[in-house]
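A.B. asks: Let's see this in three dimensions:
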Amino acid sequence: MDATVELSWGARCAGLAFFGFSLCVAALGVVLLLARRWPWCSCHVCRAYLTGSWAREFTNLGDWYAHLLRLSPTGTVHVHVLGCTVTANPANVEYMLKTRFDNFPKGKPFAALLGDLLGNGIFNVDGGAWRHQRKMASLELGSVAVRSYAYKIIAQEVDARLMPVLTDAADRGAVLDLQDVFRRFAFDTICKISFGLDPCCLDREMPVSELADAFDTASRLSAMRGAAASPLLWKMKRFLNIGSERELKKAIKIVDELAAAMIRERQKLGVGSSHDLLSRVMVMASTGVDPHAADDKFLRDIVVSFLLAGRDTVSTALTTLFMILSKNPEVAAAMRAEAGAGEKGATTYEHLKGLHYTHAVLYENMRLFPPVQFDSKFCAAADVLPDGTYVEGDARVMYHPYAMGRMPHIWGADHGAFRPERWLTGPGASFVPANPYKFPVFQAGQRVCLGKELAITEMKAVSVAVVRAFDIEVVGENGRTGGAAAAPRFVPGLTASISGGLQVRVKRLHT
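C.D. replies: Model prediction:
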């Protein structure tokens, strides 16, 4: 017995000693990092980033970047402590996404940052793996059958779930977190479109979704890795399984388990006559078109990629849209007039396509508040950007749509004004998109977003239905003060979620 106790005590001591040693190694790594970088980079940008002093003047890190990029003659700055070049220059964006596409991949460092969450999904791979998945996704999303199926689901979700929730809030005079409502709506919708399954997050009882919560946590903590001054910091925490990395591991485990359950359920229900995207991918495996699709890990990564693409981006754009419409009631009135304020019932797909002013409103909102505020690439071999900026091999290069929407040299002196008319031209006031390298909200070039049209259709369907029936008044602090470009506080993450949500009061329109 005594020998057993001694062995147990010895094992415990050895474990504590190893833990202490590991902490010392981590601390030494941080000291060496700062000793290596700090004396050699005393520029105001790096000091402001490391000390957090930028937050004294700016609400968000993106606002600080926008300020720095406006001051830069080239629209490009270096953040040396991150080993990163940040640009808001359209010529540089085109060079990275089109001209020298192969020299600016996502890169292994990015894949490491998000690999635990995204795996080998389309947003986290390069080369052959990326081309294969993109070809597969392009075939499916371009299918008339899939588009028809998706629009039918969107219309049903708007009519049967979203509108009753807003009507109930209006009748009770309740304050509602609109961001939470839109996230639930988008989650239900993308799960139906992508997996043929209904999580029922937007039911009247507003049930908590374990998958949605775990996905939020995993997304936020994965993004925090990229903000660290060195990958050594988060890699050491992951090795020791402590702090944010321990929390991330738990969240990803839940995502993995629930994604696997989704796949099993889809397999059990059968995929032969189903139009959802996951079923169509599975059919490729069963018919021999794509053997990869039989692999559960591959399917898991597909599930996570669909969730990231279809839920957070749409809900974020809708949230900021109604935040900004609350400051611009005349724009909501013009949308209402274009859509037909007195019309009832579901709006057809063809009718939505003809709403040019509403289309312009959506783009103007995303100019100021892109759902994905920045995107990173890695320079494979040393290169020189069109503005003359030298980029070392393996260095990170970030283009910043959030900052680009706030550049006077791109949008003019009124860049801070919310003006949908800037997107309309000709006698019929038709919507005309901007150069995609000037407005890379949906990326551009070979990596342009394949779900762009579906996302726009979903946002149009929601915005038209809501403005026809309700007036949305922001009652919290977010979005109430400042001009159109004044931003609420965003949560660090892969998409631009508003900290604290968007508290609103919903009022019925009397027509």
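
A.B. asks: Can you give the domain ranges for the chain?
C.D. replies: 1-40, 104-370+405-508 (automatic domain parsing).

A.B. asks: The first one - what's its average pLDDT?
C.D. replies: Domain 1-40 carries an average pLDDT of 53.

A.B. asks: swap in stretch 312-329?
C.D. replies: Per-region confidence: stretch 312-329 scores 95 on mean pLDDT.

A.B. asks: Repeat that for stretch 504-511.
C.D. replies: Stretch 504-511 comes out at a mean pLDDT of 87.

A.B. asks: which residues are in contact with that stretch?
C.D. replies: Residues from elsewhere that reach stretch 504-511 (CB atoms under 8 Å, 6 or more residues apart in numbering): 166-167, 169-171, 173-178, 322, 326, 336, 341-342, 468-476. Bear in mind the C-beta positions are built from the backbone N, C-alpha and C, glycine included.

A.B. asks: got it, and stretch 58-66?
C.D. replies: 48, 54, 57, 67, 77, 86, 88, 227, 373-374, 400, 402-403, 406-407, 487-490, 492.

A.B. asks: Name the residues of that stretch that are buried.
C.D. replies: Neighbour counts over stretch 58-66 (16 or more other CB atoms under 10 Å) mark F58, N60, L61, G62, D63, W64, Y65, A66 as buried.

A.B. asks: What pLDDT is listed against the fourth one?
C.D. replies: On the pLDDT scale, G62 is placed at 95.

A.B. asks: Kindly report the same for A465.
C.D. replies: Looking at A465, the pLDDT reads 96.

A.B. asks: ok but D198 is inside a helix, no?
C.D. replies: No: with DSSP: H, G, I helix; E, B strand; the rest coil as the criterion, D198 is coil rather than part of a helix.

A.B. asks: Among the buried residues of stretch 58-66, which lie within helices?
C.D. replies: Per DSSP state H, helices hold the following members of those: L61, G62, D63, W64, Y65, A66.

A.B. asks: Going through the contacts of stretch 58-66, which ones are buried?
C.D. replies: If we count by 16+ other CB under 10 Å, the contacts of stretch 58-66 have these buried: 48, 54, 77, 86, 88, 373-374, 400, 402-403, 406-407, 487-488, 490, 492.

A.B. asks: Looking at those residues, which are in helices?
C.D. replies: A48, Y402, A403.

A.B. asks: for the residues you listed, which one is nearest A395?
C.D. replies: The shortest gap between A395 and any of those belongs to A403, at 19.0 Å (CB to CB).

A.B. asks: What is the burial count for D471?
C.D. replies: For D471, the neighbour count with other CB atoms under 10 Å is 19.

A.B. asks: Quick check on A380: phi, psi?
C.D. replies: phi -60, psi -50 (degrees, to the nearest 10).

A.B. asks: now swap in the one 4 residues further on and tell me
C.D. replies: The phi and psi values for V384, taken as degrees, to the nearest 10, are phi -120, psi 120.

A.B. asks: Which strand residues bridge it?
C.D. replies: According to DSSP bridges, the residues that bridge with V384 are Y390.

A.B. asks: pLDDT at it, what is it?
C.D. replies: With respect to pLDDT, V384 has a value of 98.

A.B. asks: you'd agree it is up against V391?
C.D. replies: Yes: using CB atoms under 8 Å, V384 is in contact with V391, at 7.2 Å.

A.B. asks: circling back: of the ones in helices among the buried residues of stretch 58-66, which is the nearest to D188?
C.D. replies: Nearest to D188 among these, with distances taken as CB to CB, is G62, at 29.0 Å.

A.B. asks: distance of that closest one from L232?
C.D. replies: For G62, the distance to L232 equals 25 Å [CB to CB, to the nearest Å].

A.B. asks: Compare the domains of the chain and say which comes out lowest on pLDDT.
C.D. replies: Among these, domain 1-40 carries the lowest mean pLDDT, a mean of 53.

A.B. asks: Quick check: V397 is in a strand.
C.D. replies: Yes: with three-state DSSP as the criterion, V397 is part of a strand.

A.B. asks: Identify the residues contacting S222.
C.D. replies: L113, L114, D116, L117, L118, L248, L494.

A.B. asks: Now it. Its backbone dihedrals?
C.D. replies: Main-chain dihedrals, S222, degrees, to the nearest 10: phi -60, psi -40.

A.B. asks: Quick check: the gap between it and H275.
C.D. replies: Taking CB to CB, one finds S222 at 31 Å from H275.

A.B. asks: same check, this time on G119
C.D. replies: Distance from G119 to H275, by CB to CB: 25 Å.

A.B. asks: Could you verify my assumption that P420 touches Y357?
C.D. replies: Yes: between P420 and Y357 there is a contact under CB under 8 Å: 6.5 Å.

A.B. asks: follow-up on the earlier one: so which of the ones in helices among the buried ones among the contacts of stretch 58-66 sits lowest on pLDDT?
C.D. replies: A48 (92).

A.B. asks: ok so, going back, what is in contact with P420 and Y357 at once?
C.D. replies: Residues touching both P420 and Y357 (CB under 8 Å, 6+ apart): there are none.

A.B. asks: And the contacts of stretch 504-511, which of them are buried?
C.D. replies: With burial judged by 16+ other CB under 10 Å, the buried subset of those is 166, 169-170, 176-178, 322, 326, 336, 468-472, 474, 476.

A.B. asks: Which of those fall in helices?
C.D. replies: Those of those lying in helices (DSSP H): L166, A169, A170, L178, F322, R336, R468, A469.

A.B. asks: which one of those residues sits closest to M96?
C.D. replies: So of these, ranked by how close each gets to M96 (CB to CB), first place is F322, at 32.9 Å.

A.B. asks: ok, and for stretch 125-139, which residues are buried?
C.D. replies: V125, D126, W130, Q133, M136, A137.

A.B. asks: Does the first one touch L114 like I think?
C.D. replies: Yep, that's V125 we're talking about. No: assessed by CB under 8 Å, V125 is found out of contact with L114, at 10.5 Å.
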